[in-house]
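K.L.:
sequence below, structure please.
(2 chains)
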Amino acid sequence: MRRSIPAAALLLSLVALGAGCGTPGGDDSDTAEKADKEAAKTVAKPDVAAAGDVTLTVWDQEVRGGQEAQIKRLNEAFQQKYPNVTIKRVAKSFEDLTKTLKLAVSGAKAPDVVQANQGRPIMGALVKGGLLRPLDPYAQALGWDDRYSKLLLDLNRFSSDGEQFGSGNLYGLSQMGEIVGVFYNKSKVSEPPQTLDEFEQSLADAKREGDIPIQFGNLEKWPGIHEYETVLAKTADKEQVRDFVFAREGASFDAPGFEDAAKKLQGWADDGYFTPDFNGTAYDPAWQQFAKGKGRYLIAGTWVVADVAKQMGDDVGFMLMPGAEAGADPVSLGGESLAFAVTSKSEHPDIAAAYIDFLTNADAAKVLAETGNLPAMPVAESAIPKGLSADVFAAWGRLAESDGLIPYLDYATPTFYDDISAAIQELLARKVDPAQFISDVQDKYAKFAESR
Amino acid sequence: MKAIAPPGEPRRIGYLYLAPGLLVFGAFVLFPLGHSFWLSLFEWDGITAGTWVGFDNYGDVVSDPALRRAFGHALVLIGFYALLPVAIGLLLAGLLARARVRGLALFRTVLFLPQVIAMVVVAVMWRMIYDPNNGALNELLRAVGLGSLAQSWLGDFDLALSSLGLVGTWVYYGLAMVLLTAGVQKIPPSLYDAARVDGAGMVREFFAVTLPALRGEIAVALTLTTIYALRNFDLVYITTRGGPGESTSVPAFQVYSRAFESGQVGSAAAVGLCLTAVIFVITLGINRVAERGAR
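P.N.:
Got it, this is the predicted structure:
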């Protein structure tokens, strides 16, 4: 008995300590209303030069190579143009930013501009908490709608209560685009396939000749999402995929074409079209093997362009996965970099909006292209680089024209990244058949849909 | 005239001396612990107002098959992280008790080395070793004609957890060995002499002399390695991220993914506290058993 007394006392004191904190997160009853009012306002074009001395604190994650180069150049140019503005840059790695952003933005000394990851866990949660400012008035005053294709803006939209993703108020702008497409080894694929059938034929040829048809490393779980969606873009309607990703009313994973994609992908795995033991092979070694000349195709994002081009020179090309018919409007998995958003607590929303405008205007697009990035907005013909990047820029241009991007599936629910990536590993290892795969994933999605 | 109090009286003054340490302990251990407990009673995304759910998050730990599996994996890992290293350590210690080895310090250092390397580095290294197509392990197997044994070490649903576990064994057997050989050296040689005079063989000697004398060291080694096994996060995070499927998902990884990736802070706190409780109970059990035997 004696022993339990200190234990009980400890427990009680713990609860008492905790109780002092109140409900975590505090009260947020009227944030949605406030946000809507804010979004409906009209503003004049911000006059930065007349604003007096202002310090703008910016949290970004543009810390790697060309990303760092572009943001440094643009920050400098902005301060040169407006000497009254000082930009205090806080650079963090992506992982660091993800972990600290919520705390920073809800704290007393919130930064003015932050880079927020699209989707429910970060941007959605921040919107729900009323911590980001709707930028619709500025979008109107500064003409942002013409800068981006519809999907790219939708990805940065949320309803004011943070519940509906992909529509509602605009909460940020992104600088760079990314496409998940098909890299091909030009010394083995002289004429890139024009249809999906031709592509599959080419895979079969490669297999027969003893080459690896598609280099694929899925140890980290997420690469499988890219393979699946690259095929899904061909078997399902793009609007249906978007409806699902944005979890719109009535959306379901059990939609036409979703099972076909699973079947096709499992078929490819069965036929040995991927790197052997892909579930145990890491992502980087897989594309590095491709860059070394092993394998015919690689399904990967434009983030590996620089490294692959460095190794392969002119021997590599980039294309979008071809559809059923040659020359059809392209549809492909892709997205954009983290959005620059303005916090509600910022005392200089005008300056912050002008800064975001500056990071995404036509001049910025040129800087982005010059520093080896793929600008999300249209870029002048003269700024387009040569080589592999030219293929990527052309593909991006075509996708923007036809509004052909489908967003990453893992945006769909807060836990969907884990759900879908684990399920695809199971599908490709033949632990489940395509029908089971669809119903397992749909069950997980339904749980989220019900809880809303 | 006032009576002079004996030293240490009044007793309460002792708390004054405790205060600095207690304050630090309170601020950095007790308070966060209490706060986690408080958070675990809510459904909270980290930003907006949380919803009080009482002990529902704890119910999920038991009822959610994914979490149950994660705790199951952690228990399997205890085998690889704690039992196996201690067994290997004991074997080595037993051998060293018999024979005096030249260059013992060198062997000890070499075997202890994995323990010194940061877990992140270990994980990156083993990810490369385990690579099915170009990794050192499969290449080695193929080189010696055992190509049929080459595996997708981290990609196979049945193998991945054991593969990760063996990395743990590799890291921690050095620790166990150092603790146990140190223990062996303090066993009086006269005990061994006595055992030998009584006609004990190598095995008998091990069970009659070495093992009982090492009880305390075994408890320490088991406690440390069990804690490492249960809180294992970095290895999973860097290699498999819980995959393939969910076959290497562990509680500590669930805490991370829930708190920082999917916005389930309350659930993350509950999983974390349950993990703390499990660690507490298991280590308490180990030490109880060791103490009881010592009497």
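K.L.:
before we move on, which element is the residue sitting nearest the centre point of chain B in?
P.N.:
Against the mean C-alpha coordinate of chain B, by Cα atoms, centre = their mean, the closest residue is B:Y228 at 2.3 Å. Element membership of B:Y228, judged by DSSP states H and E, is helix B:215-230.
K.L.:
A:T86 too?
P.N.:
Counting by DSSP H and E, A:T86 is found in strand A:85-91.
K.L.:
so what's the closest residue to A:P192 other than its chain neighbours bridging to?
P.N.:
Distances taken as Cβ to Cβ, 6 or more residues apart in numbering or on different chains place A:M319 nearest to A:P192, at 5.1 Å, with adjacent residues excluded. The way it works is simple: take the backbone N, C-alpha and C, and place the C-beta from them, glycine included. Applying DSSP bridges to A:M319 gives these bridge partners: A:V182.
K.L.:
buried stuff in the helix holding B:Y228?
P.N.:
B:215, B:217-230 (16 or more other Cβ atoms under 10 Å in any protein chain shown).
K.L.:
over to stretch A:277-292?
P.N.:
Using 16+ other Cβ under 10 Å as the test for burial, stretch A:277-292 gives A:277-283, A:285-291.
K.L.:
with stretch A:39-52 instead?
P.N.:
Residues of stretch A:39-52 classed as buried under the neighbour-count rule (16+ other Cβ under 10 Å) are A:39, A:46, A:48.
K.L.:
kindly indicate which of the residues you listed lies nearest chain B.
P.N.:
Using Cβ to the nearest Cβ, A:A39 is the member of these that sits closest to chain B, with 18.5 Å.
K.L.:
now the buried residues of stretch A:39-52 as CSV including pLDDT?
P.N.:
Shown next, in CSV, are these (pLDDT from 0 to 100):
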residue, pLDDT
A:A39, 83
A:P46, 87
A:V48, 89
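K.L.:
in the stretch 51-200 of chain B, where is pLDDT below threshold?
P.N.:
For the stretch 51-200 of chain B, applying pLDDT under 70 flags the ranges B:97-101.
K.L.:
and it, which residues reach chain A?
P.N.:
Residues of the stretch 51-200 of chain B lying close to chain A by Cβ under 8 Å from any Cβ of the partner chain are B:52, B:127-128, B:130-134, B:151-157, B:160.
K.L.:
out of the residues you listed, name the ones that lie in strands.
P.N.:
Using DSSP state E, the subset of these located in strands is B:W52.
K.L.:
got a ChimeraX select line for the buried ones in the residues of the stretch 51-200 of chain B next to chain A?
P.N.:
Buried residues among these (16+ other Cβ under 10 Å), as a ChimeraX selection:
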select /B:127,130,131,132,133,151,152,153,154,155,156,157,160
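K.L.:
what's near enough to touch A:D315?
P.N.:
When the contact criterion is Cβ atoms under 8 Å, 6 or more residues apart in numbering or on different chains, the partners of A:D315 are A:185-187, A:293.
K.L.:
among the residues you listed, which one sits closest to chain B?
P.N.:
Taking Cβ to the nearest Cβ as the measure, A:G293 is the one of those closest to chain B, at 14.0 Å.
K.L.:
burial check on that closest one, number of neighbours?
P.N.:
Using other Cβ atoms under 10 Å in any protein chain shown, A:G293 has 14 neighbouring residues.
K.L.:
now the nearest residue to it once chain neighbours are set aside, what are its backbone angles?
P.N.:
Among residues not flanking A:G293 along the chain, A:N185 sits closest, at 6.7 Å (Cβ to Cβ, 6+ apart). Per-residue torsions, A:N185: phi -80, psi 110 (degrees, to the nearest 10).
K.L.:
residues contacting the closest residue to chain A within the stretch 101-250 of chain B?
P.N.:
Chain A sits closest to B:G155 of the stretch 101-250 of chain B, with a gap of 2.3 Å, by Cβ to the nearest Cβ. Applying Cβ under 8 Å, 6+ apart, we find B:G155 in contact with A:218-219, A:277-281, A:429, B:132, B:244.
K.L.:
mind checking the SS state of A:Q140?
P.N.:
Put simply, A:Q140 is helix when judged by DSSP: H, G, I helix; E, B strand; the rest coil.
K.L.:
from A:A233, how far off is it?
P.N.:
In this view, A:Q140 and A:A233 are 32 Å apart by Cβ to Cβ, to the nearest Å.
K.L.:
now do the closest residue to chain A within the stretch 1-150 of chain B, the pLDDT please.
P.N.:
Closest approach between the stretch 1-150 of chain B and chain A, counting by Cβ to the nearest Cβ: B:W38, at 3.0 Å. With respect to pLDDT, B:W38 scores 92.
K.L.:
can you tell me the element it falls in?
P.N.:
With DSSP H and E as the test, B:W38 turns up in helix B:31-39.
K.L.:
what's the first helix or strand after that helix?
P.N.:
Downstream of helix B:31-39, the next assigned helix or strand under DSSP H and E is strand B:42-43.
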